[in-house]
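Novice: can't give you the sequence, but here's the structure:
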């Protein structure tokens, strides 16, 4: 590879990712986030701490009005 080859590559515009590539990247990000969350939950369980949930409350944690 010569110096002119490198300068020609730098002049080319960046290729836009296809919809399939964007979907794959989003899925990979979600999988990494899920893995991190599950690892954190496992660490909390080993330490004897309660799980901090987002969204719907854990089963049995809500009060019912009689």
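Specialist: Yep, it's here. These figures come from a predicted structure and were not determined experimentally.
Novice: Tell me the helix or strand right after the worst-scoring helix or strand of the chain on mean pLDDT.
Specialist: Least confident helix or strand of the chain, by mean pLDDT, DSSP states H and E, is helix 3-11 with a mean of 62. Following the chain from helix 3-11 toward its C-terminal end, the next helix or strand by DSSP states H and E is helix 19-47.
Novice: Can you pull the poorly scored residue ranges out of the chain?
Specialist: Applying pLDDT under 70 to the chain flags residues 1-11, 49-66.
Novice: do that again at 80, thanks
Specialist: 1-13, 48-66 (pLDDT under 80).
Novice: What are the phi and psi values at residue 15?
Specialist: phi -70, psi 130 (degrees, to the nearest 10).
Novice: And it, how far from residue 34?
Specialist: Computed with C-beta to C-beta, to the nearest Å, the distance linking residue 15 and residue 34 is 29 Å. The way it works is simple: take the backbone N, C-alpha and C, and place the C-beta from them, glycine included.
Novice: the more surrounded of these two?
Specialist: Higher neighbour count among residue 15 and residue 34: residue 34, with 10 against 7, using other C-beta atoms under 10 Å.
Novice: Could you report the distance from the more buried one to residue 41?
Specialist: 11 Å.
Novice: same check, this time on residue 26
Specialist: In this structure, residue 26 and residue 41 are 23 Å apart, going by C-beta to C-beta.
Novice: And the two? Which one has more around it.
Specialist: Set side by side, residue 26 and residue 41 give different neighbour counts by other C-beta under 10 Å, the larger being at residue 41 (14 against 10).
Novice: Count the neighbours of residue 44 for me.
Specialist: What residue 44 shows, counting by other C-beta under 10 Å, is a neighbour count of 13.
Novice: correction: residue 19
Specialist: Around residue 19 there are 7 other residues, counting by other C-beta under 10 Å.
Novice: State the distance from it to residue 35.
Specialist: 25 Å.
Novice: swap in residue 46?
Specialist: If you measure residue 46 against residue 35 using C-beta to C-beta, the figure is 17 Å.
Novice: how close does residue 42 get to residue 19?
Specialist: Plainly put, residue 42 is 35 Å away from residue 19 if you go by C-beta to C-beta.
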